[in-house]
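Participant: Below are the sequence and a predicted model; questions follow.
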Amino acid sequence: MPLYTVRIGERDCFARAVTYDDMLRRIVERTLHAALARSIDAGDWEDEQLRRQGLESLQIYEGTRAIWSDRALYEHELAASRTLNADDSFVKENMVDPDLYDRLDRDLRRLWRTAGYTVTSLRNSMKPLFHEIEKDTNRYAEHARESVATDVMRLLFPDHG
């Protein structure tokens with residue numbers, strides 16, 4: 001069974017040697033945290049990359065091999081490595097599998113639909129999904145603010161209300 005590692009940039013590795021199903025769970029969790037952070041202006045560069053570039057912002061590895069989603073770019077880099085006589089090591093460290101990204105997109109959209117979010121492809125952007133999560137966050141926050149105000153008033157003035 002293949003194990004995957006997923007990162008955004010160099011410092012944000014949020015799944016290390018996990019199964020496909022666990023990778024899905026971790027991507028959903030990372031997306032939620034990124035959207036929630038953005039809703040309070042606390043997001044970071046990696047959050048913004050995920051929002052703007054979607055699944056294409058993810059660096060996914062199967063074992064130790066980087067998985068490329070873009071076949072043409074992979075072939076270009078492979079050709080460049082040939083000119084340096086490094087194509088053997090390139091092939092050992094990299095592989096092209098756009099189908100993995102398509103499968104992730106399909107499975108993630110299915111999961112988000114289960115949670116009540118209908119989104120288009122997440123391959124190149126998660127902006128619509130982030131927007132929907134932010135709307136829900138604001139709705140929940142407004143309800144929480146109203147509840148706190150009501151509870152405090154009831155505690156301070158139990159006879160009025």
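Facilitator: Nice, I can see it.

Participant: Show me which helix runs longest in this structure.
Facilitator: Using DSSP state H to define each element, the chain has its longest helix at helix 127-156.

Participant: now that helix: how far from the chain's centre is it?
Facilitator: 24 Å (C-alpha atoms, centre = their mean, to the nearest Å).

Participant: which helices and strands does it pack with?
Facilitator: Under the contact definition 3 or more C-beta pairs under 8 Å, 6 or more residues apart in numbering; DSSP states H and E, helix 127-156 sits against helix 20-39, helix 45-53. (C-beta placed from N, C-alpha, C; glycine too.)

Participant: Now with 10 Å, please.
Facilitator: In terms of contacts (3 or more C-beta pairs under 10 Å, 6 or more residues apart in numbering; DSSP states H and E), helix 127-156 is packed against helix 20-39, helix 45-53, helix 98-114.

Participant: and the closest residue in space to R30 that isn't next to it in sequence, what does it touch?
Facilitator: In this structure, R30 finds its nearest non-sequential neighbour in F14, 4.8 Å apart by C-beta to C-beta, 6 or more residues apart in numbering. For F14, the contacting residues are 5-8, 23, 26-27, 29-30, 33, 46, 58, by C-beta atoms under 10 Å, 6 or more residues apart in numbering.

Participant: Give me the buried subset of the residues you listed.
Facilitator: Using 16 or more other C-beta atoms under 10 Å as the burial test, the contacts of F14 include 5-8, 23, 26-27, 30, 46, 58 as buried.

Participant: measure the residue nearest to R30 to A141 for me?
Facilitator: 25 Å (C-beta to C-beta, to the nearest Å).

Participant: same thing with E77?
Facilitator: 45 Å.

Participant: Spell out the secondary structure type for D41.
Facilitator: The three-state label given to D41 by DSSP: H, G, I helix; E, B strand; the rest coil is coil.

Participant: what's the burial count for it?
Facilitator: 6 (other C-beta atoms under 10 Å).

Participant: so what pLDDT did it get?
Facilitator: At D41, the model reports a pLDDT of 87.

Participant: contacting residues for F130?
Facilitator: Taking C-beta under 10 Å, 6+ apart as the test, what F130 contacts is 31-32, 34-36, 38-39, 43, 47-48, 50-52, 54, 119.

Participant: buried subset of those residues?
Facilitator: 31, 34-36, 38-39, 43, 47-48, 50-51, 54, 119.

Participant: Just put these in JSON lines and tack on distance to R65.
Facilitator: Listed next are the buried ones among the contacts of F130 as JSON lines, based on distance: C-beta to C-beta, whole Å:
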{"residue": "T31", "distance to R65": "24"}
{"residue": "A34", "distance to R65": "26"}
{"residue": "A35", "distance to R65": "30"}
{"residue": "L36", "distance to R65": "32"}
{"residue": "R38", "distance to R65": "32"}
{"residue": "S39", "distance to R65": "36"}
{"residue": "G43", "distance to R65": "30"}
{"residue": "D47", "distance to R65": "27"}
{"residue": "E48", "distance to R65": "27"}
{"residue": "L50", "distance to R65": "22"}
{"residue": "R51", "distance to R65": "27"}
{"residue": "G54", "distance to R65": "22"}
{"residue": "V119", "distance to R65": "29"}
